[in-house]
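Q: I would like to see how this sequence folds:
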Amino acid sequence: EYNLFVKEYFDVIKNPINLDQKLVNALDIVQENLYKLKIPASATKAFFEDWLNITLSTGCINRALREAGRAASSMEPALRKALKEANLLYVDESTWWERNVTRWIWVARGDGIVYYAIGSRTKAMAQEVLKDFEGTLMSDGYKVYRHAKNRLRCWAHLERKAKGLKESWDSSTSDFGTYV
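A: Below is the predicted model:
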């Protein structure tokens, strides 16, 4: 397992690896497309060509992400500290395919920081991502988050559950889903 650390705002860490701001912005675009929006590297490549007039191969895009992760690895202690001190942390996990193996990308975001980890979908991995965090945790219903003392459920996930209940064949369950 390996971690990719991305620092969105430089209020906690003042750019310790001295990256050019244009590179940071480009990596942010790549990260936003590939991870959050689940847009393939090929479409990200097309975006750079069409909108920014920059020609990159998909291999270059993927390598840039790996290199950014390695360059940022020295920031881990400060990022861990920022995560631990966050008041509210949004966390979610999503499938991640790596060399034809299904893995999971974990995202924890809060107070000007985003932390990514790629690994298995297990309680141990959740504990690693959330190590020492004591603030309020916003998550879906995945049982590995239930240990949090201050946990909020994500409204979008609850809304999806209610819609599923509403579509139930059981009338009392459907009525409850409609009510919620």
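Q: Give me the buried stretch members for the lengthiest helix in the chain, please.
A: In the chain, taking DSSP state H as the definition, the longest helix is helix 58-72. Neighbour-count burial for helix 58-72 flags 61, 64-65, 68-69, 72 (criterion: 16 or more other C-beta atoms under 10 Å). Glycine gets a C-beta too; all of them are placed from N, C-alpha and C.
Q: Relative to Leu83, how far out is the spatially most central residue of the chain?
A: Nearest to the geometric centre of the chain sits Val107, at 2.5 Å (C-alpha atoms, centre = their mean). For Val107, the distance to Leu83 equals 12 Å [C-beta to C-beta, to the nearest Å].
Q: Then Thr178?
A: 39 Å.
Q: can you check Thr55 too?
A: Distance of Thr55 to Leu83, given as C-beta to C-beta: 36 Å.
Q: How many neighbouring residues does the closest residue to Val180 other than its chain neighbours have?
A: Nearest-residue entry for Val180: Ala162, 4.2 Å, with adjacent residues in sequence omitted and distances by C-beta to C-beta, 6 or more residues apart in numbering. Ala162 is flanked by 15 other residues according to other C-beta atoms under 10 Å.
Q: hang on, the earlier thing: shouldn't the residue nearest to the centre of the chain be within a strand?
A: Yes: counting by DSSP: H, G, I helix; E, B strand; the rest coil, Val107 falls inside a strand.
Q: Which of the helices and strands in the chain ranks last by mean pLDDT?
A: Every helix and strand of the chain was ranked by mean pLDDT, DSSP states H and E. The lowest is strand 2-6, at a mean of 39.
Q: More neighbours: Thr178 and Leu83, which one.
A: Leu83 (24 against 13).
Q: List the contacts of the more buried one.
A: Contacts for Leu83 (C-beta atoms under 8 Å, 6 or more residues apart in numbering) come out as 89, 108, 110, 113, 115, 132-133.
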